[in-house]
Each structure stands twice: as structure tokens, then as C-alpha cells.
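S.K.: need a 3D model of the following:
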Amino acid sequence: MNGSQQEGWEPAQIAQLRIGQHIRIDHRWFDHPFVRRMFRISTESELQVLRDKAPARVFVRQDPPEGEPALVAVADTRNQREGLASAQARMRESLQRAQQAYSALGYGDPNAVSIIDEFVDFLVALLNNSTSPLALLANSLPGISSQRIALLGSDAVTMAAVIGKRMGMGRDDLRELTRAAAAHVAGLMRLPPHLMDEDADATTHRDSLFLGYPTLGAKILEQCGGFSPAVVRMVREHRERPDGRGFPQSLQAKSIHPHALILGAIREFQIRCSGGRSQVASLAYLNKHLRPVYGADIIGHLTLSVLIYPVGAHVQLSDGRMARITRSEEAARASPVVEAFQDVNSLSGGETIDLAQRRDLAIVRVLDTSWRPPKLFAHGKRTTGTEPATPGVAAADAAVPEGSKMVVSLDEDVAARA
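M.R.: So this is what the prediction gives:
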């Protein structure tokens, strides 16, 4: 018996795969079309991609022995502890590798491009082997420091990689995008400390030195050598905006590298997450204000790439019921397992629902219950994703790619408090 079978995996025939099965693809991240190599098949479109791409080495998890489901809760608790320890170890390793890569850039090392590539390969290998939703590292550090800039670069690589995969980019485009994502902070490293931390609300005047950091970053890459013209251009143009209100050159849409816009949207999201703001509130802002700027495609894929419904969070379902997130998986992050309640005044005896298996139900908004009593949710009209928010429910319009079941919703009033 081989290692895969000993671990509970057996070789799979593509034609025999079905929705609901957990699979593992034994290929490098750049060599298969999915964000993760281990996931649960949750849609017919995923099955179709598997049939079309036909990866050679696919394994399916065998059904657990009879009686094993009773141990799921214990296993989940153990996995959560192990996952936390693993995440902490990954953060330390990512920080060490990031600092090494950015030191090479800072010193103009002619080997910087190879060191950046090794750094990117390390991060996408983590993506490939993980089954957890994307965990952003920079938000765990306050303010701006050399460590935080290193982690901002790390986060940009993982977000760009996931967005690129979701957009169906080919191998070469993905490599250039992730390399540019890693290198786009090069100019920030040369700024004085008081200019590094960008004002999320844009209420302060931007210094001319700050406005030149993308150009400075591009020059650093050119001095190091080995970076392709496309990567250098993406770094130079990642703060340009299609409406002409970007910098440093105020380029119009047709003059901006399309992949630079992905990096620009990521940077806007990171800025919005600064100062302790929540990811959900930051995504709500992007969806409401920047979707017309960067396009629904980019903003939508960014939203689905980083949004996670934390276990314990409260949401409203499309049938009007309030629900609590009980489990979230990478393969179906927009359709987690929830406990739905008929009466919000009595949060007991709820119905457990796997939204991935209920195509008639969806999460239409996140509920901020931390500062309002639950009774405020009891008497509002039941709504769908296109109707006004229930009175007392904090919500704001947002959109994601067509075909998705998820709508990000959070009031900017709440965002200001987040």
C-alpha cells in the first residue's frame, strides 16, 4: 500500500468524481488550475474543470470507518489547535523569508530576482498545501515597520496568486503577477518612516516623495536586473487608477497594465485594513466605492479570495433567518456550515445547514451583533439579497462575480467603528 492510501487517500478516476468528495491533486501550484490542491468538490463547474484539465495525479479521500463521525468534534478541536500552531510557524518563516528577499532588493543585489522567486515559490507552496481559508499576516502587526512591510508583501503575493487563479490566468502570467506582487513594496522601503503609513481616509495631503514610491520601486528592480519589463511596469503602475486619479503619472485606463490594477486593488484593501479595521468592513468599502474604479471582476475576485466568515460570526440568510457560522472550509468559503434560528430571541435548537448543499439559500449580509441587542433583529421583514436591509441590521450594498451566492454587507457606519 502506498503513502497516499495509508493516509486515507486512493487514486481517483476523473470521470468518477462527484460533488461532495474531498480530493487531493499531487501537482505543483503553478501546474494545476485550483487555488488549493486539497479541497472538497462543491460545484459542477469544479468537476468540469477537472474533466477539462485532467490532472494526472488525483486522489480521493476514502470514506471514514463506521463510527468515526462521532469523533469529528474532537478531531476538529485538535485540528484547530494544530492549525493555530502551524499558522504561527508559517508566519515566522514567511517573515524571515520576506525580510531576506527585501534586504536583497534594498541592497540592489543582482541575485534579488532569484531570491524573490524562491520567496514566491515558498508562499504558493503554502497555498497549494493548505486547506484553510487565506490568512493575512500583516494585520497582526500594528502600524508600519520593516516587519509589517515584509508581511504586506507576503500578503500581496498570496492575494494576487488566488485572484490570478480565480481569473484563469496561465502559468506565465501568474508567475509575473506574483513576482510583481512581491516586489511592489520595494519603493515603500526607501520612504522615511513618517511617509510609509498611508492614510486610509485620504484626509492628509500626500507628500510628493510618497507619490513617487512606485517609480522608485521600478528603478530598484531595474538596478537589480533580471526582472521582466512587464513586472517592472506593474510595479511602476500599481497605484494608477483607470479614472486617472492615481499616481505617479495619472494614467488613463488604456495606458495601465491590466495586472497592475490587481495590485492596486490589493493595496487599497491593505490600506483600508490598517488601523485595526476589519476585513469585512474594508471589503464592503471596496465593493461600494472602488468597484466602478477597478472593475467588478477584480474587486469581486479579491472579495472571494480573502473573505472568511469566522466561526461564531452571525449572518442573515436569504430566507430572512439569522444564523451562526459553525464551520468554514476553503473549498466553499462563501457557503459555510451554519446553525440557523427561527427565533433570534432564543438562540437554541437551531437547524444545522451546509450551505454548499443548499443552492436555494445564501448569506446576504454579515450581522454586527456586538453593540446591538439581538431583539432588534426579531421584527424586521425577511429580505433577499436585492431588498433593503432589515431594520437594525448593519448592511451595505456590495457585489461579487456573477454566479456567486455571497454578498458582502456591512454598513460604513459599522466600518467606522470596526
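
S.K.: which intervals of the stretch 1-150 of the chain have sub-threshold pLDDT?
M.R.: 1-7, 63-88, 131-133, 135, 137, 139-145 (pLDDT under 70).

S.K.: quick one, strands of it?
M.R.: For the stretch 1-150 of the chain, the strands defined by DSSP state E, counting those that start in this stretch cover 9-11, 22-25, 38-40, 58-61.

S.K.: the third one pairs with which strands?
M.R.: By that I understand strand 38-40. As defined by DSSP bridges, the strand partners of strand 38-40 come to strand 22-25 (antiparallel).

S.K.: chain center to the strand it pairs with: distance?
M.R.: Taking the mean of its C-alpha atoms, strand 22-25 sits 21 Å from the chain's own mean (CA atoms, centre = their mean, to the nearest Å).

S.K.: do stretch 107-122 as well
M.R.: Distance, centroid of stretch 107-122 to centroid of chain: 24 Å (CA atoms, centre = their mean).

S.K.: hang on, the earlier thing: and of the strands of the stretch 1-150 of the chain, who's closest to residue 270?
M.R.: strand 38-40 (26.1 Å; CB to CB). The way it works is simple: take the backbone N, C-alpha and C, and place the C-beta from them, glycine included.

S.K.: before we move on, the earlier item: including distance to residue 323 and mean neighbour count, could the strands of the stretch 1-150 of the chain go into TSV?
M.R.: As requested, these are arranged in TSV below (distance: least, CB to CB, whole Å; neighbours: other CB atoms under 10 Å):
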stretch	distance to residue 323	mean neighbour count
strand 9-11	33	15
strand 22-25	24	20
strand 38-40	20	19
strand 58-61	27	20
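
S.K.: mind putting these in TSV, distance to residue 298 included?
M.R.: Shown next, in TSV, are the strands of the stretch 1-150 of the chain (distance: least, CB to CB, whole Å):
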stretch	distance to residue 298
strand 9-11	36
strand 22-25	26
strand 38-40	23
strand 58-61	30
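
S.K.: of those, which is nearest residue 296?
M.R.: Minimum separation from residue 296 across the strands of the stretch 1-150 of the chain (CB to CB) falls at strand 38-40, 25.1 Å.

S.K.: the closest residue to residue 15 other than its chain neighbours: neighbour count?
M.R.: Leaving aside its chain neighbours, residue 15 sits nearest to residue 51 (7.3 Å; criterion: CB to CB, 6 or more residues apart in numbering). If you count neighbours by other CB atoms under 10 Å, residue 51 ends up with 11.

S.K.: check the gap between residue 51 and residue 312 for me.
M.R.: Look at residue 51 and residue 312: by CB to CB, to the nearest Å, they are 37 Å apart.

S.K.: over to residue 98?
M.R.: According to CB to CB, residue 98 and residue 312 sit 31 Å apart.

S.K.: likewise for residue 119?
M.R.: 34 Å.

S.K.: more neighbours, the two?
M.R.: The residue with more neighbours, out of residue 119 and residue 312, is residue 119; 26 against 8, by other CB under 10 Å.

S.K.: residues near the residue nearest to the more buried one when sequence neighbours are not counted, how many?
M.R.: Leaving aside its chain neighbours, residue 119 sits nearest to residue 101 (4.2 Å; criterion: CB to CB, 6+ apart). Residue 101: 26 surrounding residues under other CB under 10 Å.

S.K.: thanks a lot, catch you later.
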